[in-house]
Each structure stands twice: as C-alpha cells, then as structure tokens.
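[1] Turn this into a model:
(chains A, B, C and D)
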There are 4 protein chains.
Amino acid sequence: MSEQDTKTSAIWGGRFSEGPSAIMEEINASIGFDARLFAVDIQASIAHAKMLGAKGIISDADANSIIEGLGKVEAEIVSGNFKFSRALEDIHMNVEHRLSEIIGVAAGRLHTARSRNDQVATDLKLWVRDALDGIDGAIMGLQKVLIELAAEHAETVLPGFTHLQSAQPISLGHYLLAYVEMLGRDRSRAADCRARLNECPLGSAALAGTSFPIDREMTAAELGFDGPTANSLDSVSDRDFVMEYLSVLSITAVHLSRMAEEIVIWTSEPFGFMRLSDDFSTGSSIMPQKRNPDAAELIRGKSGRIFGALIGMLSVMKGLPLAYGKDMQEDKEPVFDATDTIELSLAAMTGMFAGATFNNKRMKDVAAKGFTTATDLADWLVKELNLPFRDAHHATGSLVKIAEEKGVGLEDLSIDDMQSINPDINKSVFDVLGLENSTKSRTSFGGTAPENVLEQCKAAKKKYL
Amino acid sequence: MSEQDTKTSAIWGGRFSEGPSAIMEEINASIGFDARLFAVDIQASIAHAKMLGAKGIISDADANSIIEGLGKVEAEIVSGNFKFSRALEDIHMNVEHRLSEIIGVAAGRLHTARSRNDQVATDLKLWVRDALDGIDGAIMGLQKVLIELAAEHAETVLPGFTHLQSAQPISLGHYLLAYVEMLGRDRSRAADCRARLNECPLGSAALAGTSFPIDREMTAAELGFDGPTANSLDSVSDRDFVMEYLSVLSITAVHLSRMAEEIVIWTSEPFGFMRLSDDFSTGSSIMPQKRNPDAAELIRGKSGRIFGALIGMLSVMKGLPLAYGKDMQEDKEPVFDATDTIELSLAAMTGMFAGATFNNKRMKDVAAKGFTTATDLADWLVKELNLPFRDAHHATGSLVKIAEEKGVGLEDLSIDDMQSINPDINKSVFDVLGLENSTKSRTSFGGTAPENVLEQCKAAKKKYL
Amino acid sequence: MSEQDTKTSAIWGGRFSEGPSAIMEEINASIGFDARLFAVDIQASIAHAKMLGAKGIISDADANSIIEGLGKVEAEIVSGNFKFSRALEDIHMNVEHRLSEIIGVAAGRLHTARSRNDQVATDLKLWVRDALDGIDGAIMGLQKVLIELAAEHAETVLPGFTHLQSAQPISLGHYLLAYVEMLGRDRSRAADCRARLNECPLGSAALAGTSFPIDREMTAAELGFDGPTANSLDSVSDRDFVMEYLSVLSITAVHLSRMAEEIVIWTSEPFGFMRLSDDFSTGSSIMPQKRNPDAAELIRGKSGRIFGALIGMLSVMKGLPLAYGKDMQEDKEPVFDATDTIELSLAAMTGMFAGATFNNKRMKDVAAKGFTTATDLADWLVKELNLPFRDAHHATGSLVKIAEEKGVGLEDLSIDDMQSINPDINKSVFDVLGLENSTKSRTSFGGTAPENVLEQCKAAKKKYL
Amino acid sequence: MSEQDTKTSAIWGGRFSEGPSAIMEEINASIGFDARLFAVDIQASIAHAKMLGAKGIISDADANSIIEGLGKVEAEIVSGNFKFSRALEDIHMNVEHRLSEIIGVAAGRLHTARSRNDQVATDLKLWVRDALDGIDGAIMGLQKVLIELAAEHAETVLPGFTHLQSAQPISLGHYLLAYVEMLGRDRSRAADCRARLNECPLGSAALAGTSFPIDREMTAAELGFDGPTANSLDSVSDRDFVMEYLSVLSITAVHLSRMAEEIVIWTSEPFGFMRLSDDFSTGSSIMPQKRNPDAAELIRGKSGRIFGALIGMLSVMKGLPLAYGKDMQEDKEPVFDATDTIELSLAAMTGMFAGATFNNKRMKDVAAKGFTTATDLADWLVKELNLPFRDAHHATGSLVKIAEEKGVGLEDLSIDDMQSINPDINKSVFDVLGLENSTKSRTSFGGTAPENVLEQCKAAKKKYL
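    Numbering: from 1, shown residues only, chains lettered A, B, ... in the order given. So this is what the prediction gives:
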C-alpha cells in the first residue's frame, strides 16, 4: 500500500496533519492478529446491513449492494487473494475499505448506527461462541475414546494411588471414567459460558446507543443471539466472556495436565503401565532407544500458557474505567492462542489414548504389592467382629507391620499371625485379601466394582455422547 | 495437650515409632485454618451417622449417640470452649477425638465407610456453597443501591468516556446500570458454580468406594445436594469447584476494581464528579485536608489478591496424578481468604455508593466541553442530508477542527461556519447539539435516553432484586 | 518438502515404522517459532565445531567445512532463501539438515559431543543475553528523554498526589525523575540477570556430560560466556534465566503501566495536564474530536501480557523432574513475545514523552486548590511555635476546616482566623503558604526543591547515560 | 478500647465528625497483619529520633525520652503485654500512641519530618532485608545436606532421565549437585535483591521531601542502608523490592517443587529409589500401610501459593499513579505469607533429605534396563570407527531394535548381532556398555564421572558453605 494510499485512507485523516508514526502503527494496528475475525465480522456486518435496510435507515438498494459486496470480500479473503493493510489498522477497516472499492459510496453507509466498539464486541462474541462449540465437540471425542477404553478395561486391576503411594486395587475402567467426569464438567462450564455470552452488543454504538431507529432484536436474532444486551455502556466495556472463557479453558487445561502427568509416569520404565503408539512417541538425537512421551509433556506444559492467558486478561481488565479502553485490544491474542492450544492438546490427548496399550500384568503385579487390601482387612474386622472402625484400623496397622517385617503380603500371613493381633479373626478373612475380591466388593454408588464400571460406562455414553 | 496424649491419639500411632517432628507437624497440620470448617464437618458427619444407622451399618443407639455427641462438640466450638490441638492435625480429627471423649467407643464407628478424602471434599463443597449464597446476597445488596441511585439520576448528564476522553453525553443512571449488568452476570456465574458443585462426594471413601451397603442418595439429600457424585476417584481428586469459585470471584473482583478506579478518578480534585461520605474518606497524618478514597483503592488492590488465589490454585492442581495428593490441602486458605476479601470489598463498595453524592453541575460542565455532541452532528448529516456515514464523519471532523481553532463549542459555531463545510446544512442542526437533546435522542434499546434508563431500572429491579 | 523426503530425514527414522502423525507434528514441531534462534544457533555451532577441531575430535578439514557451511546456511536464512521444514521439527535440525545438503557427510560430525538439550539451552541463553542488551539500551533512551524533560521542568509546579488526591505542590521535573529511578532499577535487574545467566551449558550433552575430550572453557570463551556451567544435569534442565528474565520484564512493565496510567489521566479533559503529539493520538470512527491516548492504554494493557508470560513459565517449570522435559519447549514463545512487547512499549513510551507538551498553567491552578500547603503550615507551627508535630497537625486540620467552610484557600484566611486556632500564630506564616515557596523549601536530599531537581538531573545523567 | 478512646485517638479526629464505620475500619486497618513490623518500626523510629536530636530539630531531652520510651514499647510487645488496637489502624500508630502514654507530649515530636509513607517503606525494606538473610541461611543449610549426600553417593548409579524415560546412567551425587547449583543461583538472586533494596526511603516524607534540615545519610547509616534513596516521590511509591523479592522466592519455590516431585516419584512403589524417614512419612486414616510423602507434596503445592503472591502483587502495582496509593497496603500479607511458606518449605526439604535413604540396588537395576548405554555405543562408533555422529546414531538405533526384539540388553547382544549392523564393530565395544564404565567415562567438565562429582563437591563446599 503506497504512502499516498495510506494517507487518504487513514480514518482520522480530516484532523491530524502528521501521519501516524511507525511506532504508533506498530503498537496500534491489530490486523496482524484480528484478521482471524474476518468471517464473523462480515457475518455481523451483513446482519447489520439487513436490519438497516429493513428499518429504512438505508435504502434497500444500498443494503443489497453492501451484502453482496461483503460476500465478495469474504470470498477474496477465503481464497487468499485479499491484501491486508496495516495502515488500515484492523479487520473492520480492512473489510470496509475493500467494500468501498467494490461497491463505492454505499459502503460508507454500513457504519451507520454502529461503532467499532460494539462491532468488535459482537465479532469476538461470535468467534468465542464458535470456539466453544468446537471445543465441546473435541472434548466429547476424548470422552468417547475414554469410555470405550473404560468398558474394555472394567476388570483390569491396577493400584489406586493417593500421594502416588499404592492405596487400594481399583479398576482401570474406573480410573478412566474419572477423567470422563472431569471432562463432563468442562463441557458443562463451556455450555454455561456460551449461554451467558449469547447476548448481542451490536447497536450499542460507541457507548451511548444511537438515535437511529434500529431494531436490535432483529440483528440479535439474525446472528443467533438470544437477544440484545441491556446496557450500551456495559456492552462495549464488557469482556467477561473472555475472562470466563479463559477460566473455563484453564480448568480444562488442568485436567489435561493431570492426564498428561499420569501418562508420563505410567510410561516410565519403573511403572511400565502404559505404552504409547509410535505416532506419539519420539526418539532422541543422542539416545535412539528412548520412547519419549513428548506430546504428554507438551500438553502438561501448555497448561501454563493458558493460565498465563487468563491471568494476563484479568490484569488487563483490572481497574479499567468505563467504557471502552484500548487496553481491551489485548483480548484477542490470548483468546486465539488459548483456543489453538486447547484444541491441539485435546486432539493429542485423544490420539494418545486411542493408540495406547496397557500392561495389565504389570499393573496387577504392582497392585499386589504395598498391602493394598489393608482397607478390606479393616472393613472385615468391622463387619465380622463388630470392631469400631478406629480399632479395626489400629489392628490392621499392626498386621501390616508384621507382614512388612516378614517381607510378605497380608494374604501370606498365617492365621496364627492374624490371631496374635486379634484372637477372633478366622480364616474367612483371607477371602477379602485378593485383588479381584477387593474391587468386586466396592459396589457402593460410584465405587470401583467392575459391574459398577460397566453401568457407569452406559450412563456416561447416554449422558455425554 | 500433653505429649502422652499426642502419642496415643496420633492416628498412625500403630506404625511409626518416632513422633512427627516439629517441622512435619508445622507443615502438615491444617487445624490452624481448617477449623473454619467445623460446622460443615459436623453437619456432614451427622448426615453420615444417620445413614449408617438407617442402613444398619451401625446400631441406632450408636448413631444417636454420635449425633448427640456431635451436637455437643459443635456447641463447645461455638461457645469458644473447645480446645483445638495441632497434634490432631485437622478439624476432622479434632472433632472425632473430642467426640470419643464425650461418647466413648461408639465414636470410633463414625468413620466407617468413609475416609478423610471424601469427608474433606464434602466439607469444602458445603462451605463454598454457603459462601456462594452469602456472596449472591451481598452482590444483590450492591445492585439495589446502584439501581436506586440510577433511578434518581436518570436525567443527570455526565460525559461518557472512551479512553478516558470525553466522548458523548450520557445519563449517570445509565452509567450505574452498566455496573448492575456486570454484577448480574457475576451472580449468574455464581449460580452456575453452585449448581455444578452440588453433587455429594461422601461415601467415595479413600478413592475406591466401599463394600459397606451405604446409601449415598440419602446422605446427599440430607445435605441438600442434588445427588451423589458418579465416580469415587474423581470425587476425592476433584477441586474444580474451588478453581471455578475463585475464577467467579476473580471476575467479580475485576468489576469491583473498575468501579473503584472510577471512584478514585471521580473523587480527584480535577474531576470532582463524586464525593464520598466521611465514613469512607480518610485523612492523612501529614496532610489533614485530604479526603482519601482508601476503601476504593483497597478494593482495587485486593483484586490482585484474588487473582493470586486463583492462579495459585491452578498451579497447585496442575499435573497432579489421581487420586488425592496432599498438595490439595492448599485449597482451603485461598478459598477462605478470597471469600473474606470479596465480602469485605462488596460491603465497602455498597457503603461507598450508598453514601456518595454527585456533583451534577461539575459533570455537566465537563460534558459540555470536548465536542461531545460531534456524533449527534454526524448523525444529523446522515439523517437530514443523506450523507454516507463515513462522509458525515469527515465533515464533522472538519467542523470540530474549526471549533477547536476558534476555542468554542460546536453549538457556538455560526451557520456560515457550518455551511463552509457543507452548504446544505441548515439551522435545525443546532437542535441536536445540546446535551439533553443528545441523551434524550438515544432511545435505541440499551441506549442512554433517560426514559430508557427508568425502564431499565424497573427491569433490573424485577430481574435482580 | 516431499513425504519421501520427510521420511528419510526424520531423525528417529531407524526405529519407528510409522511416520509422525499430523497431530504429533503439529504439537511437537517448534520451527514455527524457534526459527528466531537461527543466528545464535549457528553462532553456537561454529564455536562447537572450532573446539571439536582444535581438540582433534574432528579433523580440521571437517571443522572448516562445517564452519564455512554454517556461514552459507546463515546467509540463506538472512536473505530469505531458506526453506524451513516442519517435518525437521526445529531450527537445530533445519540448520543441520541444510548443512548436510551443502557440505555432505561432514555435517554429521557437528553433533559429536553435544545434544539438542545443551544446544537449545545455549542458544536461548545467547538470545536472551542479546535481548537484555537491547532492552538496556531502550530503557536508557527513555531515561534520556525523561532527564531532559526534568531539567526543563525543574521549576514547573504541579500537585503531587497521594490516593490521586492533591497532597503537596511539587516540581514536574522531580516527578519525571521518579520514573528515571524506577527505570534505573530495571536496568540494574537486567544487568544482574545477564551476569547470572552468563555461564555456558554447551558440552553438557543430553544430561551426563560426554566422554569426548572436549574443552568447555574454549566454547564458553568463544561465545562470550564467563565460563562453563558446573553441572551437566542442571545445565539442561535449568530455565532460571527465563523465569528471571520474565520477572525482570514484568517489573519494568509495571513501571511502564504506571507511567501509562498517568498519561491517560493527565491527558483527560478534566486534568488537562499533558497533551500528546498527533503521532501518538488517535481519533475515533464515530467521534472525530477525540484525542485518544491509545498507545498509553496499550502499554498499560500489555503489562498483563507480560505477567501472563511469567506466570505461564513458572507454571510450566513447577514440579518438573530432572533433567530435560519437553514441557520446557514452552520457554521460547513467552520469551519472544515478552521481548517484542517490552521493546515496543519502551519505544512508544519514549515517543510519547519526547513529543508531549505540558500545560503548566493548568497544573499550577490545580496545585493551588486542595490546601496543598497544609503540610507547610503544620511544619511552620512545629518550627516557629515549637508545637509537637501531632498537635501542629490537629491545629492545621482545624484551619483547613475553616478555610473549606469559607470556600477559600489557606493563604486567604485572615490572621484572626489563624489566631482563633492558635493565638501565637503570626503573619510570617503566610510566607510558607505559596506554591513556589513550598517547593523551594523542600531541600532535603531527594526532596522536590527545584535546585535539588537540577542537581539530581546531573547525577542521573552521570549515573545512567 | 472504649469508643471515647477511639474517638480521641483517631488521627484525623480534627476533621471528620462521624467515626469510621465498622466496614471502613475492617477494610482499612492493617494492625491485624502489620504488627509483625513492630521491631523494624521501632528500630527505624529510634534512628529517626537520634537524627532529629543530632540535627537539633528536636531537643536532646525529647530525643532521649523518645528512644527510651520506644525501648519500653518494644519490651511490652515482646513480652506479650502490649494491647493492640484496631481503631489505631496500624503498627505505626499503635506504637506512637503507646509511646505518648509512656512519655507524654514529646511523643508527638517523633513524627516530625517524616510521614507514614516513608516510614512504612523503610520498615518493610528492613523486614524484607532480614527475611532475605534468613532465607539465605536456610538455603545454605539445604545445600550443606545435599553436598554431604552427594559426596557419599558419588559412585552410586541411577538412571538419568529425560522425559522421565531412562536415558543414561549417572551418579546420584551428580544428581544432588544439580540441586545445589539451582539453590546457589537462588542465593545469588537473593543477594542481588538485598543489595538493590538497600537504600533508605526515610526522610522522603509524604512524597515531596521536607523543609526540616534532616540528615538522611545519618539515618540510612544507622539502619545499615548503603545510603538514602535519590527521589522522594519514587521512595514512597516504590515496591520494586517486594515484587523482586516475590519473584526471587517464586523461582526458589520452583526448584523446591522440582525436588519435591522427584521425592514423590522416587518414593513410589514402582520406583522405590528413596525412602523417607518416619518423621517425614504419614499414614492414612483408612490405609495404615501407606508411607505418604505429605511434606513433599505440600512443598510442591505451596509453590502455587508463592506464585499467587507474586502475581497478586504485580497486579496490585499495575497502573498505579504516583505517589502512594492505599492499594500498596496489600504488599505486606503476601510478603509475610511467602516468607513463612518458603522458610517452612526449606526446613522440610532439608529434613527430608537429611533423613532419607536411597536404595542403591534398585536404582542400579533400573539403570541397567532401557538401553541406557546406547549413547556410549554411539560414541564408541564415532571414536573407534570414525563414523559421523548421525550415522553412529542410526546404527545404534538399529542395534537397540534388535536387542528390544530379543528382549535383552545391549551388552547381551552377540558380536554377530553387532556386526550385522556394521561389520567393523569389534569386541572392545562391550567395554563401554557397562554402567560403571559409562559414568566413569563422562569426565568432561560438569559431567557425571564420580571423580568429577567429588571434585564438584569440594568446589561447592568452598563456594557455598
């Protein structure tokens, strides 16, 4: 774009004698990133033009010309033939400027009864709404893979950990369904965020509304919003939906980071619970034998990036007086980056689980160590000998100590050992000390019994897929 | 508490020969802060005991004894006669230990079919649920004050700012209603958070569920939950509700910080829009004439503290493998501190607005400067002369330049000045250049016209109060 | 790059039968951003090759061939003729692959006795070191503008604020020098960060060092490091310099945000202290009269972005076991983005101050209001009447109250008014109630007296420029 | 404290007719936390009084009386006999008020030529300086334990991990020294922070300096500062030292979290590398066999808390106009909490390592798996057969594949297997495939060879202890 061109098209041309300096252009222009809004910007402009025409604020001919012209602009952008100009600052002016080249003077009527302030708020809401829909689908895809794996592994036993210490034997299917629940809440949060943002700011103009007889219900409906926003000042200064969106994504990122941590630990040599497919393993430039879970580590790391986007946006919005301040231009890049990051992370996590294999034998062997059925023993003492739980707990502790000193499992203690702690213990105690018996017995709602797991798989399918 | 006492009551007494070192006690004990959970802890224990009795897992006599005993413990705590012990680590063991002193051996049966992991998750959910209810009420109180002020000031004119530059004249009532909208979304987010957390983890035990024939629906109903959680592993490792709660509060804190910033600016000498009551003004040890808006500044600053709690909690949860990890003990202090902070901030903000007075004359004087009706002029050119908006905008810019050079307002330009830019301009243009005319004309839905504002006050009352 | 090509060049080709999937490539590849490291990567490789040659680990011919080839690669990149390949993942493999195309088999010897882990740590340190040097210069540029302005405005009086309430009259030069001090500490922090990071990781190999007889002192010296790092494990897992760098930048961003806030407030209509040049003012699409301080707002907002980068990086590093984890690939983008952001912010801030004009009359008028010489009155009572400070403070408060009720300044009170509070007050009290007298009297070291300011300007020039 | 008392002592009593409301007192008062500053507050007041006396600004008698009185106040606080009053807001007024009760009217002269703004800045700097000294000592204590362990375990072999995948055999001593390096940088950062903050703000008064002939050099020297601050406005609005302090602590917290993560993983059943002492292991209420590394998890979690303090403080300071704003009262609680947290974390980490035992056999067994000497093989091919590294790497990959398929280690391959990949391989290759040979060979500076480790222990002792 020539300097001449720049000068004439700069929108405040009437008033400033000097052109914007290079620094100012650099810091002020947003076209470098907000070009991603082109489709929603055009969508919103079309809705606005339709309404202006319908209400007689502009002529039908102008409205049609604008709508048709915007279609051409969009086609140019989609095809890669559009030439973005930084002197035109942002996507809104780039589109409008090109529209004026295509349809002439009527283009200048599009901005009637609106402002960049309500325009950009509308655009970004539309973009985030689409992103939420995409993310909902991606999370569902991950849930699907997990539910299928869970059904397959309802009877697979592994050690359940607390503090990464073996605690009790559990079902691998049960483990995987825990993630499904987390992801279910993520979708629920995303749905709430979507519902809350779904009010249309368009027509709020700069901050005060407008004296043109616009129909905000009409544009809102045209764009799939539930209705117009109630206060024009709030409409242009509100970025709640951005902060909420980033917090929704941050919590999802936490969940993904937890899954990633498990993958990293489970695929380590000493654990050996899980093996990633070749697709999701990388080697090393110096150690060709490695099967590095890079994708899991990257997902884990990328959670920090999303937290950063959230805290950055909270800091940006902190203490901003009404209404629009340019600080708020810092809203788009974190939204775009966090969206790309979460989508990629979800895809990679889905891919990793879809291709992963589990070493059932290894998991069972580890579960068999560490006295993981101690709780079953304590519960047996409560149920069969009517010991108060706290006393049963102490007795179990003493038996674990004996077993540990002998270097054997609880199930390997003799009945004499058992009775040395409590003479009423009888041989039926050994029934609860096996891994399978342990998991099968935990039939309380939400418990790890394989039959529960299968039922929960069905319930999860129905609820989530 | 004597050392002897400590030793016998330490719950892992059966297994560790050495007592916990001072450091370990210091880092591990949570009673210093989780004592605040006492009421919800006892509430949950009573529900659990009732269920154990109803299901015949413990005898009715034991259940009743436990329930009665817990009532006594609560009474002791409320009256200040309870002696908390750090050697007993946390509120759960403090309560149970005292219960055992009061009712004897039956106390040891309370912990049947549960674990500290599900117990603490249940307690904290109950606490956060109560906090959300309290915050909802506090926000509503602030909305009430704002709506009343807004109705009173529907016709008060002040300059609407963008970039803190005078933009267009607006109604002060309209301004205040913008905050009401923000706060309305805050309550909506809080309600969603409350609904989502309202599933009961109790009965998930350590992580695997239990083999006792418990009825989780019953305890859930007893505690006002919508039902039990679906997965026992997830139940004890989930702190989504904490992260979501802190993000809800962070966004509210952003809103309060924005209101606070306006107060600081508006009460400054050069602005002089607003005056705080003596209650909310402080002097200076060295400058007795000052009327410092300390509370507003503290509210603004305290937003940082809440962001810190949120980011801290996200960092804590990042990458934690399932199920419970002790890292999660870091959940309570940020919840308590953020709750106290937001409640105090809401109270102070409500107090400040309730006692504030506005300087209508000063606001109007400022609104009259800065060519704030330039948009009205541009809109007139569009409506009356059928200029495309962009052309009208350029013409207006030229007129502003003339007015600026002459040092007068737009309404002081002569008709000759006007026609020097566009010969079709006629005298009726001056009708739109007055402040009141300007605000009155903005009747679009959500716009600043006083009649709109009064209508929005009614709608807000109906919706929010 | 053809699929065939991709397959053969993938560095773990020997072991994985399947090619990396699209997702994995997407999440794993860093060439999209780490291409910015090309110059430092080549610089480090040249140093490594020289050392390998000097130590006889590779032949001199190979060493020379590598060095010459790397020069060619760099020239290609600089000229824009280099074709980056995402299948080659990162800048290191892109460079090495191209090197092998240019010089053949010898290229394969470059990676002897190093690993990507020490290579990337070295590259990033070099990059950050350069960035620190650039930022130091940019801050100095801003200091220069401020010091010059300060000297010019040593005698310009404005109200000093606390709580944004007028407190005491001060010198504008003094005000500007406060920023110079902040920026001075920023440079000092940057210098410390630079000194601390200046140890060379190269030769640490993957994590364990190497059995090749390398000379780490030599490569360190060649690259301008103070010496080699002491522990190979630490060398490849350390990103302290990134976290420290981002915290240094965050504090600088805080300072810039404070300056930006002042600009926004000072250029507002009611304040009117300052006017930005046209270059740094923008208009509005709907309100042509506006002079929006967009750059100041953007700088203020961008501080959030830098905080986000910092907290993101802290979260990434939290809880990472040694040695290298792929999470650490998340280090580069925040470094690049924060660097670009701070550099742009510094340039814009420098530009804004360089072109700004101050309205001395307006500042003095505001300073004359608000009883800003009350402290001078209190101090007079201490000095002349030997009142304890606290008593003088109370007496002053009473006099301010009288003046406020009369609607006059302290200097307009009658001697009778004065004596009604303390009969010993005499007419010489009026000498200290003038603005100029007030500022001139504050000659304590670091105080606002114009003579101090001029002296501090000299000191600052000597210290900082 | 009676209401009467409150009224008379409220320092702005002269001007406000209404007393501060309960809310305002609640939000405004800081005595609840800033009482911790009592010792440094009194220390600074004594220095100030000495200077006032020396300069003849107050009489020697008054100065002595003040100094003696302050000593009594301190003694009362230390002994627990001091009654703090919230109506007096903060520690400064609490001390001064009590002083006036003890010594009468002369107490009112202490506040001559200073303000709460410079007083609190001075106090907090003194407090942070002391904290930095304490933390430096605590880190040194941890380094000491680690260096001693490292010397003991110079020859203990464990698998070095990258991506938590076994990579190469290394020395445990080497591993521990990596932490020593991290901690050394932490101390270096703390020292820089201490040096930078060591300028005295006292005498800057509210913001403008003072007209009293004070000697700021004298108070600075008395308090151990390097000199007075250069600009009074900056002095009272600067909290750089808080932000820097919290960032220094955040990076230390990252290091501790990394060590903590290793402990959690290493003490897990499948790893079994490390065993904590009983002191630092906890059991479970339901699973008596557990040895939970609670302290490690808490340290890991507490890093989030420190990050939160940092980001909170950055947010507080963002966009604050000069000079003092009440937002800055939010500086103390994060400083106190982060200090307590890091000190406790350091103590617990030191205790854990001091009492930990390592399972050398288990570590060696794991190191023997996973083809950890593949790099040695590749290096042998480079050195002995003069293969380019990249070719050696590919050949090694092929051999690993063969070994993996056969289910044996590299050292178990036959010479025929070896020669099937490269016919020039001879039997001497097997010399480099043993674990000990591997570690011993890595003698490059900073490498893992046991002899290096012992040398580095000596160097570390000299440098750090």
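[2] Let me see the mean pLDDT of stretch A:321-340.
    Here stretch A:321-340 scores 96 as its mean pLDDT.
[3] Is that stretch positioned near chain C?
    Yes. Against chain C, stretch A:321-340 shows contacts by Cβ under 8 Å from any Cβ of the partner chain at A:325-330, A:333-334. Just so you know, the C-beta spots here come from the backbone N, C-alpha and C atoms, and that holds for glycine as well.
[4] and of those, the nearest to chain D?
    A:Asp327 (9.1 Å; Cβ to the nearest Cβ).
[5] Please determine how far the closest residue to that closest one other than its chain neighbours is located from A:Asp118.
    Leaving aside its sequence neighbours, A:Asp327 sits nearest to C:Gly301 (Cβ to Cβ, 6 or more residues apart in numbering or on different chains; 3.2 Å). C:Gly301 sits 20 Å away from A:Asp118, going by Cβ to Cβ, to the nearest Å.
[6] Ramachandran coordinates for A:Ser85?
    Backbone torsions of A:Ser85, given as degrees, to the nearest 10, read phi -120, psi 130.
[7] Okay, it and A:Glu76: tell me how far apart.
    13 Å.
[8] For A:Asn117, list the residues it contacts.
    A:Asn117 sits next to A:204-207, A:236, A:323-324, B:162 when contact means Cβ atoms under 8 Å, 6 or more residues apart in numbering or on different chains.
[9] Could you check how many residues crowd around A:Asp365?
    14 (other Cβ atoms under 10 Å in any protein chain shown).
[10] what's the weakest-modelled helix or strand in chain A?
    When each helix and strand of chain A is scored by mean pLDDT, DSSP states H and E, helix A:3-9 comes last, with a mean of 39.
[11] Quick check: mean pLDDT of whatever helix or strand comes next after it?
    Per DSSP states H and E, the first helix or strand lying C-terminal to helix A:3-9 is helix A:22-28. For helix A:22-28, the mean pLDDT works out to 89.
[12] for A:Phe371, what are its contacts?
    Taking Cβ under 8 Å, 6+ apart, one finds A:166, A:400, A:403-404, A:409-410, D:289 in contact with A:Phe371.
[13] quick one on the thing from earlier: my guess is the residue nearest to A:Asp327 contacts A:Leu314, does it?
    No. Using Cβ atoms under 8 Å, C:Gly301 is not in contact with A:Leu314; the gap is 11.8 Å.
[14] In terms of neighbours, single out the busier of those two.
    A:Leu314 (30 against 27).
[15] check contacts around A:Lys267.
    Small correction: residue A:267 is Thr, not Lys. Contacts of A:Thr267 (Cβ under 8 Å, 6+ apart): A:273-276, A:291, A:293, A:296, D:164-165.
[16] you'd agree A:Ala167 is in a strand?
    Yes. Judged by DSSP: H, G, I helix; E, B strand; the rest coil, A:Ala167 forms part of a strand.
[17] Mind pulling the model confidence for it?
    For A:Ala167, pLDDT reads 93.
[18] where in the stretch 351-465 of chain A is pLDDT low?
    The stretch 351-465 of chain A contains no residues with pLDDT under 70.
[19] how close does the closest residue to chain B within it get to D:Gly446?
    Residue of the stretch 351-465 of chain A nearest chain B, by Cβ to the nearest Cβ: A:Gly447 (2.1 Å). Distance of A:Gly447 to D:Gly446, given as Cβ to Cβ: 52 Å.
[20] ditto for A:Glu25
    Distance from A:Glu25 to D:Gly446, by Cβ to Cβ: 48 Å.
[21] Which of the two has more residues huddled nearby?
    More crowded of A:Glu25 and D:Gly446, by other Cβ under 10 Å: D:Gly446, with 30 against 16.
[22] Am I right that the more buried one is in a strand?
    No. Counting by three-state DSSP, D:Gly446 falls outside a strand, being coil.
[23] got the contact list for the residue nearest to it when sequence neighbours are not counted?
    The shortest distance from D:Gly446 to any non-neighbouring residue, by Cβ to Cβ, 6+ apart, is to C:Ser232 (4.5 Å). By Cβ under 8 Å, 6+ apart, C:Ser232 lies in contact with C:118, C:203-205, C:207-209, D:174, D:442, D:444, D:446-448.
[24] quick one, helices of the stretch 51-200 of chain A?
    Using DSSP state H, counting those that start in this stretch, the helices of the stretch 51-200 of chain A run over residues A:60-79, A:91-103, A:116-152, A:172-197.
[25] ditto for the stretch 301-450 of chain A
    A:332-355, A:360-368, A:374-385, A:389-406, A:415-421, A:435-441, A:450-464.
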